[in-house]
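In: A predicted structure for the sequence below; I have some questions about it.
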Amino acid sequence: MTRTVQTSVCIIGAGPSGLLLSQLLANAGIDTVVLDRKDRAYIESRVRAGVLEQGTVEAMEEAGAADRLHREGLPHEGFKLAFDGDQHRIDLTGLTGKTVMVYGQTEMTKDLFDKRTAEGQAFYFNVDDVVPTELKTDRPSVHFKHDGEQVVVECDFVAGCDGFHGVSRRAIPSDILRTFERIYPFGWLGILTERPPVSHELIYANHERGFALASMRSETRSRYYIQCDVNDDVADWSDDRFWQEFARRLGPDAAANLQTGPSFEKSIAPLRSFVAEPMRYGNLFLAGDSAHIVPPTGAKGLNLAAADVRILNRALVEYYKNGNAQYIDTYSETVLKRVWKVERFSWQLSTLMHQFPENSDFEKRMQRAEFDYLCSSEAASRSIAENYVGLPLD
Ligand code: FAS
Ligand code: PHB
């Protein structure tokens, strides 16, 4: 027995991309069905991004889901780069007139789930065997299993918001899909701890022992990272070992204010740069991590996903409201131009701020020279700042 469901846009994935797209389309009166292989509790439990560009905040405002973000988020006007103890502040607001908002992806996801649920959004959680089909026709469909029942969603468009390990990218024929990848020779070990942050602004540190990042989730909850071997086992990293390493890499001045405590989340993430082209195939549109991955150094992953969604939403609304397919037809070209610029920035900052095992003494000197140039050049600092606060949509 197959259950058939009709909708305008079938969204595969209920992470930030899928949820934001569903809300923005709903605001334009466009109905969607959203399906995810996990459930809401699992999706909300994932600890990921922590910094929102102004554009992402604007997207949440457009979605009508920004009230708590403005109440609890922390606007930041700058951050620090540190090299073997020397520090340089990137004055975001002085150089660009903009700020970034420290607000966890977990919270953003909760806010979007609350809003979608309050508006009666149709979700299918814990689905299996998702197969997008008929993508080159005017009425594609998405088949999947849910609660032991076979379901098919017939729609106008399929939005592939199912992340790096999803099925949407793989629905594009291999003779059409092109992928580009750089895998970094290290990972990030991240912890959460209920202790006030070591600094009121983020500190990105490159130390001879490796990279470290001091971030936060609130004025009482800190989020810290250190570069580690991607094959490390998180069980080998006791809190004491983490604190010792983290303090050494921050340097004595910055670490003087460090309040250590028990971690309540500890995980290791691999780092990669990845792009899939095209981001459209027939009536399938990719958005977010299903199409690209950036190393978290530039705080871009979530923000790049939100920018994709704003561009895709504009295209779909223009089609439904005015019958104009211009933005749909140029979606992949438009969005990829911005994706590659953000990939460049994330790669550049990762290359500058990490210890690479293969780096010769010359490359290490180049890293230090780049840092010294940033310290001495307002133009160089402005370049970092304008990328960090977020590039224009197009
Ligand atoms: P997501 O991966 O968040 O969501 C995809 C959804 O699709 C998931 O809920 C999944 O269950 C679902 N799905 C997958 N396959 C499916 C299928 N076959 N059928 C149905 N549903 C399916 N970004 C930053 O900006 N800053 C950071 O500090 C940062 N840190 C990160 C740390 C880690 C460990 C990771 C993994 C990522 C980090 N990111 C960071 C990037 C991250 O935030 C992503 O950019 C963001 O989650 C992208 O959102 P989505 O595109 O919605 O993809
Ligand atoms: C975080 O707070 O999780 C965070 C902040 C900035 C980054 C990466 C992660 O560049």
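Out: Happy to help now that I have it. Every value quoted in this text rests on a predicted model; they were computed, and no experiment measured them. Ligands and ions are numbered 1, 2, ... in the order given.
In: what does this protein put close to ligand 1?
Out: Neighbours of ligand 1 within the chain, by Cβ under 6 Å from any ligand atom: 12-18, 35-38, 43, 48-50, 105, 127, 130, 161-163, 165-167, 269, 288-289, 296, 299-303, 305. Every C-beta, even on glycine, is put in place using the N, C-alpha and C of the backbone.
In: Among those residues, name the buried ones.
Out: Neighbour counting by 16 or more other Cβ atoms under 10 Å classes 12-18, 35-38, 43, 48-50, 105, 127, 130, 161-163, 166-167, 288-289, 296, 299-303, 305 among the residues of the chain next to ligand 1 as buried.
In: how close does residue 29 sit to residue 9?
Out: 12 Å (Cβ to Cβ, to the nearest Å).
In: Could you check which of these two is surrounded by more residues?
Out: Between residue 29 and residue 9, residue 9 has the larger neighbour count (other Cβ atoms under 10 Å), namely 24 against 10.
In: Could you list which of the residues of the chain next to ligand 1 belong to helices?
Out: The members of the residues of the chain next to ligand 1 that map onto helices under DSSP state H are 16-18, 43, 105, 301-303, 305.
In: As CSV, could you dump the C-alpha coordinates of stretch 106-123?
Out: C-alpha atoms of stretch 106-123 as CSV (Å, rounded to 0.1, in the frame of the first residue of the first chain):
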residue,chain,number,x,y,z
THR,A,106,21.4,24.2,18.0
GLU,A,107,19.3,27.2,19.1
MET,A,108,18.7,28.4,15.5
THR,A,109,17.4,24.9,14.6
LYS,A,110,15.1,24.9,17.7
ASP,A,111,13.7,28.3,16.8
LEU,A,112,13.0,27.1,13.2
PHE,A,113,11.4,23.9,14.4
ASP,A,114,9.2,25.8,16.9
LYS,A,115,8.1,28.1,14.1
ARG,A,116,7.4,25.4,11.5
THR,A,117,5.6,23.2,14.0
ALA,A,118,3.4,26.1,15.2
GLU,A,119,2.4,26.7,11.6
GLY,A,120,1.4,23.1,11.1
GLN,A,121,4.3,22.0,8.8
ALA,A,122,4.1,18.4,7.5
PHE,A,123,7.2,16.6,8.7
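In: is any part of it close to ligand 2?
Out: No: interface with ligand 2: stretch 106-123 contributes nothing (Cβ under 6 Å from any ligand atom), its closest point being 10.2 Å away.
In: buried ones in that stretch?
Out: 106-113, 115-116, 121, 123.
In: So which bits of the stretch 1-150 of the chain are right by ligand 2?
Out: 49-51.
In: still on that earlier bit, mind picking the two most distant members of the ones in helices among the residues of the chain next to ligand 1?
Out: Within those, 43 and 303 form the most distant pair, 18.4 Å apart (Cβ to Cβ).
In: can you pull the pLDDT of the residue in the chain positioned nearest to ligand 2?
Out: Taking Cβ to the nearest ligand atom as the measure, the point where the chain comes nearest ligand 2 is residue 50, at 2.4 Å. pLDDT recorded at residue 50 is 94.
In: cool, and residue 394?
Out: 83.
In: Kindly tell me how buried it is, as a neighbour count.
Out: Around residue 394 there are 13 residues (other Cβ under 10 Å).
In: What are the phi and psi values at the nearest residue to it once chain neighbours are set aside?
Out: Leaving aside its sequence neighbours, residue 394 sits nearest to residue 334 (Cβ to Cβ, 6 or more residues apart in numbering; 5.4 Å). Phi and psi for residue 334, reported as degrees, to the nearest 10, are phi -60, psi -50.
In: Who are the contact partners of residue 334?
Out: Residue 334 makes contact with 311, 327, 394, according to Cβ atoms under 8 Å, 6 or more residues apart in numbering.
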